[in-house]
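Novice: using only what follows, build the 3D model:
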Amino acid sequence: MYACPNCGANIKFDPGTQMMKCPYCDTEIAPFDYMHAKSAEEEKGIDPDAQITPESDPDEYEVTYYTCPQCGGELITEDTTAATFCSYCGASTILEMRVGKEKKPDYIIPFKKTRDDCVKAYKKTVSRAIFAPSYLKKDETIERFRGIYMPYWIYDVSSNGKVTAKGSTSTRRGDYIYTKNYDVSADVETVYRGISYDASSSFEDRLSEAIGPFDLNDSEHFSSSFFSGFYADTSDVEPEIYNEDVKNLVLNDAASIVYTDPAFRKHGVSMAGVVQSLGNRRTTYRYKRAMFPVWFLSNQNEDRVSYAVVNGQTGKVAMDIPIDAKKFFIGTLVLAIPICVLLLLTNVLIGPRLLIGITMIISLIVLILANSQSNALFAREILFTDKGYNSKRTPEEIKETQKLTAGNVVVKKAKIKPGSGSLGIGSAIGFGVLGLTIGTLIGKGLLLGLVFFIAMIIVNAVNYKRVPKDKIIVKCPVSRKIGITIFPIITMVIGALIFMIHPYEDMFYYGTAILGMVMTGYTVVRLVMRHNQLSSRKLPQFNKRGGEEHEND
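Specialist: Predicted structure coming up:
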């Protein structure tokens, strides 16, 4: 506990003033000034001949660990107030407490956004979700927001050396094409500082990325006084886990800059060639620890939990928003009634064959949605792309995941084309001509052609420095998604058979359409229910183990 120098009460860090502030006597003191005063006070009673022991390591500080008995999630704090709920599984329980020591981070970004700022940003996000459950908006839910400093690894990456890439240009003279081949070289030094990835297996990568980035210009050298009044997560992910991600990020950005050199473009060097040459050089990584501020909220609903997180520096919000089924279907009914009335008033007649056709099209759309949702849900449930979480899995868990995903993981390699990934001026002209042709047919030729041309020029400019990334697609096994996709498939098969048989009685068409709509409607209900699974996750089970300090030259 941090004692107020005036009244002795627990003084806490206030994001609004960026000062240590006493809630009782309103005393304010700068965090570093407070720690200097505290250190001077402590040194008065220290024997100058005393030896420094491992217990008094200046790179460590004493903390209280709170561990959830249900999920194993762990938080640390320097306050002595008992924690009454878990931020990760949402369980309302007294957390197990013990005292220990933690390695001091190198940097910390203090909370800039107050709790009131956080609540305001959260309410604004929830207010836009008209089908969100009412409990997300209740005061007792919002009161559970907790300020947590999340551990991050800061990467400083550097490499230097020659970049050599092959290029070629071709010209046509009469019936002949002349090609010239080149080797283009340049000495390139790349230095990137401040790339960050979260260092906690408890903090899902998707949420971490959604509220990023953090601005390291606001960082301070670490002082535990910033922790007063807040919690912190423990670091248990090794920095090497994200080396490949950092390398690809640096390569893509560096290649897009190098490629702007006229020598490379003039001699027909491809972006792929620049990326490959940059990747062949030796890369040096330096790692440092940091703590970033996050307002964190969990909501447990039976055997599922959903999260809301707010960037404590910028106020950016990311959250899981389930759907209230009752609100959704009432909203659907309210929308459907005026549509039906409009159709009746306009005397729109839908024949039996057209009705089956419409039913089959709707079933196809629902089938595509069901397949996509199944893939996303499968990947979410096994946390396939969460590198931090997967790095802490046991060998048995890894084997089980490999068994589930065998033959169901597709890596789509990025296709890098000359022109820095852009569509090119030729494409813009081509689409402009296409727009002009289409526009001529509908009587707005020049205007539509010009719009197409300008749009493609804009796309070309936006994509100029974009280098596409590999995309990992996790496919749900057929056995796991047949239950959600079977009815739309049956609807389309029966509809196709009716078209082939071509019965004369309209009742076959109407009966098939009604059956198809019922089955498709049932599937839509299932999709809504499964959306709530996508907007939440299974109650977590963590096996927290602290990471170690790293620096690699």
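
Novice: top strand in the protein by residue count?
Specialist: Across the chain, the longest stretch assigned as strand under DSSP state E is strand 146-173.

Novice: tell me the buried residues in that strand?
Specialist: For strand 146-173, the neighbour count (16 or more other CB atoms under 10 Å) marks 146-157, 159, 163, 165, 167 as buried. C-beta coordinates here come from the backbone N, C-alpha and C atoms, glycine included.

Novice: what is the subsequent helix or strand relative to that strand?
Specialist: Once strand 146-173 ends, the next helix or strand along the chain (criterion: DSSP states H and E) is strand 176-198.

Novice: list the buried residues in that next one.
Specialist: For strand 176-198, a neighbour-count test (16+ other CB under 10 Å) marks Tyr182, Val184, Val188, Thr190, Gly194, Ile195, Ser196, Tyr197, Asp198 as buried.

Novice: and which of those residues is nearest to Glu204?
Specialist: Minimum distance to Glu204 across the buried residues of strand 176-198 is 8.8 Å, recorded for Asp198 (CB to CB).

Novice: make sure Asp156 is actually in contact with Val250.
Specialist: No: assessed by CB atoms under 8 Å, Asp156 is found out of contact with Val250, at 10.7 Å.

Novice: identify the contacts common to the two.
Specialist: The contact sets of Asp156 and Val250 overlap at Tyr192, Ile195 (CB atoms under 8 Å, 6 or more residues apart in numbering).

Novice: where does the chain have low pLDDT?
Specialist: Where the chain drops to pLDDT under 70, the residues are 1, 38-57, 80-82, 339, 343-344, 346-350, 404, 406-472, 543-553.

Novice: tell me how it divides into domains.
Specialist: Split into domains by automatic domain parsing, the chain comes to 1-44, 115-321, 325-422+463-534.

Novice: next, count neighbours for the residue lying closest to Val99 once chain neighbours are set aside.
Specialist: Nearest non-adjacent residue to Val99, counting by CB to CB, 6 or more residues apart in numbering: Thr64, 5.6 Å away. Applying other CB atoms under 10 Å, we find 19 residues neighbouring Thr64.

Novice: contacting residues around Thr64?
Specialist: For Thr64, the contacting residues are Ile76, Thr77, Glu78, Asp79, Thr80, Met97, Arg98, Val99, by CB under 8 Å, 6+ apart.

Novice: are we agreed that the last one is in a strand?
Specialist: Okay, so that is Val99. Yes: inclusion of Val99 in a strand is indicated when DSSP: H, G, I helix; E, B strand; the rest coil is applied.

Novice: secondary structure class of the residue nearest the centre of the chain, three-state.
Specialist: In the chain, the centroid-proximal residue (CA atoms, centre = their mean) is Arg206; its distance is 3.1 Å. Put simply, Arg206 is helix when judged by three-state DSSP.

Novice: hang on, the earlier thing: any chance of a markdown table for the buried residues of strand 176-198, columns distance to Tyr122?
Specialist: Shown next, in a markdown table, are these (distance: CB to CB, whole Å):
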| residue | distance to Tyr122 |
| --- | --- |
| Tyr182 | 56 |
| Val184 | 52 |
| Val188 | 45 |
| Thr190 | 39 |
| Gly194 | 28 |
| Ile195 | 28 |
| Ser196 | 23 |
| Tyr197 | 25 |
| Asp198 | 20 |
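
Novice: going by distance to Ala30, which of those residues wins?
Specialist: Gly194 (24.8 Å).

Novice: I figured that closest one hits Ile154, correct?
Specialist: Yes: at 6.2 Å, Gly194 and Ile154 qualify as touching, with contact defined as CB under 8 Å.

Novice: find residues that contact each of those two.
Specialist: Leu216.

Novice: can you count the residues close to Val334?
Specialist: 9.

Novice: in three-state terms, how would it be classified?
Specialist: helix.

Novice: wait, Phe214 touches Ser196, no?
Specialist: Yes: if you go by CB under 8 Å, Phe214 and Ser196 touch, sitting 6.5 Å apart.

Novice: got the contact list for Thr27?
Specialist: Cys4, Pro5, Asn6, Cys7, Ile11, Lys21.

Novice: what's the closest of the residues you listed to Ser202?
Specialist: Nearest to Ser202 among the contacts of Thr27: Ile11, at 28.6 Å, using CB to CB.

Novice: wait, a strand at the residue nearest to Val99?
Specialist: Yes: the assignment for Thr64 is a strand, going by three-state DSSP.

Novice: look up which residues are beta-bridged to it.
Specialist: Thr77, Val99 (DSSP bridges).

Novice: quick one: it and Ile108, what's the gap?
Specialist: The gap separating Thr64 from Ile108 is 18 Å, by CB to CB, to the nearest Å.

Novice: likewise for Gln70?
Specialist: As defined by CB to CB, Gln70 lies at a distance of 29 Å from Ile108.
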